[in-house]
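J.: Need coordinates for the below:
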Amino acid sequence: MFRTLTVTALIAYASAQSLSQQCTATLAAIAGNPDAASCLSPGSLVSIVAGGSSNSIVASIDGWLSNICGAPACSNDTLAAVVKNATEGCSTELSGLGFNSNLTPTITGLVQQYYPTVRKVVCLKDGDSNCITKTLGDVEATFGTLNLQNIIKIVTNPPDDLPANITCTNCVKAAYNVIAQDVPGLVSDTSAGLQQQCGADFTDGQTPTGISQSANTNVASSPSTSNGAALSTLTSLNGGIVGGLAVSGLVAVASAFTLLA
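T.: Alright, predicted model coming up:
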């Protein structure tokens, strides 16, 4: 699911000008809404788009992760509002992917179900370094600069065998532990492969030395707007930047799952 969303989002970014005015305004509204901004911090990703398509995205993602991990988690009401507004405001774009409004409750439920686990994974730290950005640094050292151009190729055509210095790290083991505990079905097919490449103790459930959790355990209060109300529209943001923020967020969150898929 996460890989499919990432591929779709990246392709959308590659042809960002195809976003409708309604969808652009919706993404701008989500980015500017105080409730969503406080727990998702989309503004932290502006530098990814402003920096150009050829510059590394790793440092920007590291700053973004630091902000969202330090802030209280999104409430279920905020997540529901984001999903509702995104699916309604970008219905034209999503319809081409087989989406219809009847799926909104299902998507909302999935987001609310998996968000706590995703948040725990992306907020893991190895020493003083965030595990996602540390892993992205390992990927970058192997495959070259991770920018908005070549990450599309890497995600859409992932290598069959990732080297052990990427898959067999304390960070990946810790991420596996989190997912195996919270949503075991997501990693049930990967345990044998990880054991073969990284050793039998890689999936023993023990937390590696130096690994810690940086996610703020508080939960933000429910938003002042109801789930059925549209987030305020902010049309002053550039469509390309807003689209880039949405895509970059998906890339960052999906990175952990892509490496474990």
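
J.: C-alpha only now, for contacts and for neighbours.
T.: OK.

J.: which SSE is residue 176 in?
T.: helix 170-182 (DSSP states H and E).

J.: what does the average pLDDT come to for the following helix or strand past that helix?
T.: Downstream of helix 170-182, the first helix or strand assigned by DSSP H and E is helix 191-198. For helix 191-198, mean pLDDT rounds to 89.

J.: Also stretch 147-165?
T.: Here the average pLDDT along stretch 147-165 is 73.

J.: next one: stretch 63-81
T.: Mean predicted confidence for stretch 63-81 is 91.

J.: Can you name the residues in contact with the helix holding residue 176?
T.: 117, 120-121, 124-126, 131-132, 135, 186-188, 202-203, 205-209, 211, 256, 260 (C-alpha atoms under 8 Å, 6 or more residues apart in numbering).

J.: Show me what counts as buried in it.
T.: 170-180 (16 or more other C-alpha atoms under 10 Å).

J.: Now which of the contacts of helix 170-182 would you call buried?
T.: 117, 120-121, 124-126, 131-132, 135, 187, 202-203, 207-208, 211, 256, 260.

J.: that older thread, please produce CSV containing the buried residues of helix 170-182, extended by distance to residue 26 and pLDDT.
T.: Supplementary listing: the buried residues of helix 170-182 in CSV, determined by distance: C-alpha to C-alpha, whole Å; pLDDT from 0 to 100:
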residue, distance to residue 26, pLDDT
170, 39, 95
171, 35, 93
172, 35, 91
173, 37, 93
174, 36, 94
175, 32, 91
176, 34, 91
177, 36, 93
178, 33, 92
179, 31, 90
180, 35, 91
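
J.: of those residues, closest to residue 41?
T.: residue 175 (22.2 Å; C-alpha to C-alpha).

J.: Quickly note the distance from the closest one to residue 102.
T.: Distance, residue 175 to residue 102, using C-alpha to C-alpha, to the nearest Å: 33 Å.

J.: quick one: the one helix or strand residue 88 maps to to chain centroid distance?
T.: Applying DSSP H and E as the criterion places residue 88 in helix 76-89. Distance, stretch centre to chain centre, for helix 76-89: 16 Å (C-alpha atoms, centre = their mean, to the nearest Å).

J.: Likewise for stretch 90-105?
T.: That offset, for stretch 90-105, works out to 20 Å (C-alpha atoms, centre = their mean).
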